[in-house]
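**Student:** return a 3D structure for these sequence lines:
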Amino acid sequence: MFQNGLSTSPLATRCGAICIVGSMLGAPAHAQEGRAVVDAMLDAWTAVEVVSYDGHAYGGGGLANIMMDAKGPVTLARGDGDRWMWITQGTATRENQEVPVNFEFTVSEDRTGRWHWIDEDAKLKRVGRQPRSSRLMAAVNSLRPTTLTSQDGARAHFESAQSITLRDAANINGVEVDVVLLDFGTAKERWSIGREDRMPRRIEQITPLGPKVLDLNNLRLLDSIDDSVIEFAAPAGYAVNEGASSNRRDQLLRPTEVQVTDPKAWKAPDPTPKDPAPAFEFETADGGSLSSEDLKGKVVLLDFWGTWCIPCRKSSPVIQGMYGQYEDNDDVVFIAPAVREANRETPIEYWQEKGFSYTLALKGDQAAKDFEVEGYPTFIVINHRGEIEEKVRGFRPEITQEILEKALNRSIRMMEEAEG
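**Tutor:** Residues are numbered from 1 along each chain as shown. Sure thing, here's the model as predicted:
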């Protein structure tokens, strides 16, 4: 499906900055320091216009029966500005007797930020906003090297590592690689980087339960890609549904949610059915407990996180800043359930060290499972009726904050309207 519209170039014509980087290294890659290998990869990635590979995302160790096993071809292409457009088509499975998974998917994001995906149940190709299925998004996101395509910049991520160590060389699916270990203090990553082209071949996020792994097999560098590949045609017998804009900023400014000059004149829109939030109970840092029963009638923000989660290091300070806007409102509660922690002391010490003041919750694993959290951080806003008002997976500065603030303010206004 991805072959039409792709233009492949010989390695010699694609070498460019990649070969320059290699010659600058001088000695073989295994003789260089880890940071030099990472810098070479980042320089090589900067030269990439289009990259295609067979992706395989899976969990190791204790994550083997928790993570979905996702497989499928992926094509990434530079779009406008810092945006990457991409397409992936594959399968996701999980042989877990409690929550088995088995589905196929075709999903893409075009240069304007619109999402294209196949809704098998409705026999539709949907175009517009991001799919709401957390399982589908978890599978799709697991197949992409989001660190390298982040609009925040990949270099900032690697520069935040406390140490970068070059380990033994290895062979990943027939490709000779240098293995680099990155230590971020509360989390670690292991990157296997091709010795010839300096492209990533395996990315591992190391967690207490085991590694989260992405293999990039049969990787090819391409010159160009036609937009029609990304905006794929609907299968025979499927209609096309042009939905709302996938740009969350546009969605947040739709007429029913615009700011009004007179708050008393605001009327809540007709409520649409929302999923009820599962019941939950957490242990608090002081040895007490906090449950959904205790919070009935309140607006709640749940911030599922972990000390091992690298994006959480960026998101938690932002949530702390948001908390400052609502901390005087007794009807709004911020809770940060810690997940996949080896002991209770580690998250408590981290929370105290950072000076965060919104509520830390311990042993959030069962709640994460009940809320179908499959990536971190994940934020969930629960309205006063006990319904899930908003669910956001991952963190993008400003955009994530705006989505959550809109959901919180919407929930507060609906609560005040209900109280008369």
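**Student:** who are the contact partners of Gly210?
**Tutor:** When contacts are counted by Cβ atoms under 8 Å, 6 or more residues apart in numbering, Gly210 touches 59-64. In short, each C-beta sits where N, CA and C put it, glycine included.
**Student:** same question, Val240
**Tutor:** 124-125, 127, 234.
**Student:** picking that back up, which among the contacts of Gly210 end up buried?
**Tutor:** 59, 63 (16 or more other Cβ atoms under 10 Å).
**Student:** low-confidence stretches in the stretch 101-250 of the chain?
**Tutor:** 151-153, 243-250 (pLDDT under 70).
**Student:** spell out the residue ranges of the helices in it.
**Tutor:** Using DSSP state H, counting those that start in this stretch, the helices assigned to the stretch 101-250 of the chain run over residues 134-142, 146-149, 154-159, 227-230, 248-252.
**Student:** which of the ones you listed sits closest to Ala368?
**Tutor:** helix 134-142 (11.2 Å; Cβ to Cβ).
**Student:** what does the closest one contact?
**Tutor:** 57, 67-68, 70, 88, 90, 92, 101, 103, 105, 107, 117, 130-131, 212, 214, 372-375, 391, 393-394.
**Student:** could you identify which of the helices of the stretch 101-250 of the chain is most buried?
**Tutor:** helix 134-142 (a mean of 21; mean count of other Cβ atoms under 10 Å).
**Student:** run a quick neighbour tally on Gly288.
**Tutor:** 8 (other Cβ atoms under 10 Å).
**Student:** swap in the one 4 residues further on?
**Tutor:** A count of neighbours around Ser292, defined by other Cβ under 10 Å, yields 17.
**Student:** list the residues that contact it.
**Tutor:** Going by Cβ under 8 Å, 6+ apart, Ser292 touches 277-281, 386.
**Student:** among the contacts of Val240, who's most crowded?
**Tutor:** Lys125 (20 neighbours).
**Student:** tell me who's in contact with that residue.
**Tutor:** 116-119, 232-235, 238-241.
**Student:** the same query, at a cut-off of 7 Å, please.
**Tutor:** 116, 118, 234, 238, 240 (Cβ atoms under 7 Å, 6 or more residues apart in numbering).
**Student:** likewise Arg344?
**Tutor:** So Arg344 contacts Leu362 (Cβ under 7 Å, 6+ apart).
**Student:** roughly how far apart are it and Gln205?
**Tutor:** 22 Å (Cβ to Cβ, to the nearest Å).
**Student:** now swap in Asp178 and tell me
**Tutor:** 18 Å.
**Student:** looking at these two, which has the bigger crowd around it?
**Tutor:** For Asp178 and Gln205, the more surrounded residue by other Cβ under 10 Å is Asp178, and the numbers stand at 26 against 20.
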